[in-house]
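**Q** no sequence for this one, just the structure:
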């Protein structure tokens, strides 16, 4: 003999699993092309990343990277403004610095100064050493350049 299967009523709706917290949106800021903007960029990045709870060592690395990239934009372009963007993607931080300069050839590796005693000329070498990944977006020669870097613990 066969009996009817037992059934257990289910709730009308099942609770959905807790979604992981969303990463905060990135922050974009525009700075005038002048030396004081280097310190301003460092402070804005520190403030935003600290607010997002990013570990201090990663904040310090991000500050150094944005400092180098903004300095490069000041020294090597005739831009009247520099646009920075910082965002968190999980445990990773992405920094972008855009200018109106002629752009960089992403196929050319960074080199240091020809004079080993020179005070400058090591920005991209530092970036290469500190970043997990980095690159250049140069859509059209002479139409601007964005250098981006990603860092992670």
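**A** Cool, the structure landed. What you see is a predicted model; the values in this text were computed from it and never measured.
**Q** all strands for this structure, in order.
**A** For the chain, strands defined by DSSP state E occupy the ranges 27-32, 81-89, 92-99, 133-137, 145-151.
**Q** identify each buried residue in stretch 132-148, please.
**A** 134, 138, 144, 145, 146, 147, 148 (16 or more other C-beta atoms under 10 Å). Every residue, glycine included, has its C-beta placed from N, CA and C.
**Q** lowest-confidence stretch among the strands of the chain?
**A** Ranked by mean pLDDT, the strands of the chain end with strand 133-137 in last place, scoring a mean of 89.
**Q** run the angle between that strand and strand 145-151 for me.
**A** Strand 133-137 and strand 145-151 meet at an angle of 170 degrees, taking axes from the mean of the first three to the mean of the last three C-alpha atoms, to 10 degrees as the criterion.
**Q** picking up where we left off before, nearest to residue 101, of the buried residues of stretch 132-148?
**A** Nearest to residue 101 out of the buried residues of stretch 132-148 is residue 145 (C-beta to C-beta; 5.2 Å).
**Q** what about residue 73, neighbour count?
**A** 27 (other C-beta atoms under 10 Å).
**Q** so who does the closest residue to residue 76 other than its chain neighbours touch?
**A** Leaving aside its chain neighbours, residue 76 sits nearest to residue 101 (6.2 Å; criterion: C-beta to C-beta, 6 or more residues apart in numbering). Residue 101 makes contacts with 73, 76, 77, 78, 79, 144, 145, as judged by C-beta atoms under 8 Å, 6 or more residues apart in numbering.
**Q** restricted to helices, list these.
**A** In helices, defined here by DSSP state H, the members of the contacts of residue 101 are 73, 76.
**Q** which intervals of this protein have sub-threshold pLDDT?
**A** Within the chain, the stretches with pLDDT under 70 are 1-24, 102-123, 139-142.
**Q** at 50 what do you get?
**A** Applying pLDDT under 50 to the chain flags residues 10, 14, 113-114, 118.
**Q** now the contacts of residue 101 in CSV, with distance to residue 93?
**A** Conversion of these to CSV gives the following (distance: C-beta to C-beta, whole Å):
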residue, distance to residue 93
73, 19
76, 24
77, 24
78, 29
79, 24
144, 23
145, 21
